[in-house]
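> Coordinates for the following, if possible.
(one chain, ligands or ions: 1)
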Amino acid sequence: MRLTFNGAARMVTGSCYLLETDGEKILIDCGMFQGSKEINKLNYEPFDFDPKKISFLLLTHAHIDHSGLIPKLVNEGFRGRIIATPPTVDLAKIMLLDAAHVNMDDTKHENKRREREGLPPREPLFTDEDVKSSYKFFRAVGYDAPFKLNDRLLMTFRDAGHILGSAIIELWASEEGGSTKLVFSGDLGQWDTPIVCDPTIIEEADYVFVESTYGDRVHEDTGIREDLLEKEVRSAYSKGGKLMIPSFAVERTQELLYYFHRLAREGRLPAEKVFLDSPLAIDATEVFKKNRDYLSPDVRKEFKDPFTFDRLQNLKSVQDSQMMNDYDEPCVIIAGSGMCNAGRIRYHLKYNLWKPENTLLFVGYQAQGTLGRVILEGAKMVRMMGLEIAVKAKISEIESFSAHADKKQLLRWVKGFEKKPKKVFIVHGEEPASLAFEAKLKSEGFRTHVPRMNETVEL
Ligand SMILES: [Zn+2]
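The predicted model follows:
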């Protein structure tokens, strides 16, 4: 059998691997490339395979860098099955719709520019109609239940502890001459986080495909997140300013709501109001409530509803969001997108980034080429929404909020295999992170490889 790395090789986005075995072609993830203009361009390139010939897409989780090209795949003739856990199916539907809206808006803006430059207009990557057409191909399969794809392929989802419904894939492929077991880590979460369970340790594999987003970094102690958050709110409150938190709509936002809920309950939250200004995050929170069984047992025990509390106000409509432009009280604003390159956070930045009393707090990964990364790296002036904006607000970061395992935790997961796999492929990391993690694994005696984009390996 052979496997081709069609994305997330020496980069963190565009996860997509093509497995060819015994005449069968299956995909593991079909993600969007996200980041700089150059990286975004890759989404418009034709697939390196014929979507009509793919019989299964195994989806590790709903994040757009793993699921975002599904509508394009369906548009181009995919008629197979998309296998995912129940929360992933629910989340993927709302996230893909949101991605369609973002892309249609971006395309509208770009076409104005193209028209001025005398160029023909460009089609959006996909529309909301395309997203809805893809729904019928989804099939939900829960954790730990072996699922037979056909006579020769068997798979099981195991909890990856990254976001609600996220999965590691165990895949057994029989060919003439024997059976081979592949394990795809998907994105791995951290141990001991509040909302989701810990990543599952898998004990056996011939070949392992492991993510390496933080392959070269160790997170702060996760035990102090709540204290760090409290400190940031107190500091913003004492200056009479707003605390803006760009947040990923799924998981990070619900984690923040959980911590703010706890702080409010314990009398440790000075802010009178916490605004959630993201229709997508509001919808995603409903999916979390609906799939309560997938939350960690501890959080289920602690709260009937971890994500709702008195001081929280959801801002769903545009009018509700615009009301915030004139709101001068100190408050917390959670808004998307998590890397500041789209969504309502941009309006909050436009109105607040240039005022020194405010704080912009990053609680998530900022990919290269995004506005978030530029600000985090210390830019004094940024260009956004056609304006030059001075960065006068305090810029803070709490790194331990990451939904990704760090170097130590990735190593813990790989060392969980009782017998060393034939090879460990290191994917889903920027090149320095993947190479650093490879060096660590090599020093532990693992056989490794860091693939390049579009590389094919025989297994
Ligand atoms: Zn992810």
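> Report the buried residues of stretch 348-360.
For stretch 348-360, a neighbour-count test (16 or more other CB atoms under 10 Å) marks 348-349, 351-354, 358-360 as buried. (C-beta placed from N, C-alpha, C; glycine too.)
> which element follows the lengthiest strand in the chain toward the C-terminus?
Longest strand of the chain, by residue count under DSSP state E: strand 167-175. Downstream of strand 167-175, the first helix or strand assigned by DSSP states H and E is strand 178-184.
> is any part of whichever helix or strand comes after that following strand close to the ion?
Later in the chain than strand 178-184, the nearest helix or strand by DSSP H and E is strand 207-211. No. Shown here: strand 207-211 not in contact with the ion (CB under 5 Å from the ion), separated by at least 8.4 Å.
> Likewise for stretch 67-74?
No. Stretch 67-74 lies out of reach of the ion by CB under 5 Å from the ion, never closer than 9.5 Å.
> Contacts only, for the residue of the stretch 301-450 of the chain found nearest the ion.
In the stretch 301-450 of the chain, the residue that lies nearest the ion is A403 (6.6 Å; CB to the ion). A403 makes contact with 162-163, 187, 189-190, 193, 248, 251-252, 364, according to CB atoms under 8 Å, 6 or more residues apart in numbering.
> Up against the ion, what does the stretch 1-150 of the chain have?
H63.
> Look through the stretch 1-150 of the chain and state the residue closest to the ion.
H63 (3.6 Å).
> One more: the stretch 251-400 of the chain?
For the stretch 251-400 of the chain, CB to the ion, closest residue to the ion: E251, 8.5 Å.
> what helices or strands is the one helix or strand in the chain whose mean pLDDT sits lowest leaning on?
Ranked by mean pLDDT, DSSP states H and E, the helix or strand of the chain with the weakest confidence is helix 37-41, at a mean of 88. Helix 37-41 makes packing contacts with no helix or strand when contacts are defined by 3 or more CB pairs under 8 Å, 6 or more residues apart in numbering; DSSP states H and E.
> Can you name the next helix or strand after it?
strand 56-58.
> about what we covered before: neighbouring strands for the longest strand of the chain, and are they parallel or not?
Strand pairing for strand 167-175, using DSSP bridges, gives strand 153-159 (antiparallel), strand 178-184 (antiparallel).
> Need the ones you listed in a markdown table (columns: mean pLDDT).
Below are the strands paired with strand 167-175 laid out as a markdown table (pLDDT from 0 to 100):
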| stretch | mean pLDDT |
| --- | --- |
| strand 153-159 | 98 |
| strand 178-184 | 96 |
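> Mean neighbour count, those strands: which tops it?
Comparing those by mean neighbour count (mean count of other CB atoms under 10 Å), strand 153-159 comes out on top with a mean of 21.
> if we can go back for a sec, from the contacts of A403, which is closest to the ion?
Among the contacts of A403, and counting by CB to the ion, the member closest to the ion is D187, at 3.6 Å.
> Isn't that closest one up against Q409?
No. Between D187 and Q409 there is no contact under CB atoms under 8 Å: 12.0 Å.
> These two: who's more crowded?
Higher neighbour count among D187 and Q409: D187, with 27 against 21, using other CB atoms under 10 Å.
> tell me how far the ends of stretch 290-310 are from each other?
20 Å (CA to CA, to the nearest Å).
> cool, stretch 217-235 as well?
End residues of stretch 217-235 are separated by 27 Å (CA to CA).
> Pull out the buried positions in it.
219, 222, 225-226, 228-230, 232-233, 235.
> Let me know the average pLDDT across that stretch.
Averaged over stretch 217-235, pLDDT sits at 85.
> which residues touch that stretch?
190, 192-193, 243, 256, 259-260, 262-263, 268-271, 332, 359, 361, 394, 396, 398-402, 406-408, 433.
> let's see it at 7 Å
190, 192-193, 243, 259, 262-263, 268-271, 332, 359, 361, 396, 398-402, 406-408 (CB atoms under 7 Å, 6 or more residues apart in numbering).
> still on that earlier bit, share the number of residues neighbouring the residue nearest to the residue of the stretch 251-400 of the chain closest to the ion when sequence neighbours are not counted, please.
Distances taken as CB to CB, 6 or more residues apart in numbering put I163 closest to E251, at 3.9 Å, once the chain neighbours are dropped. Other residues within reach of I163, judged by other CB under 10 Å, total 26.
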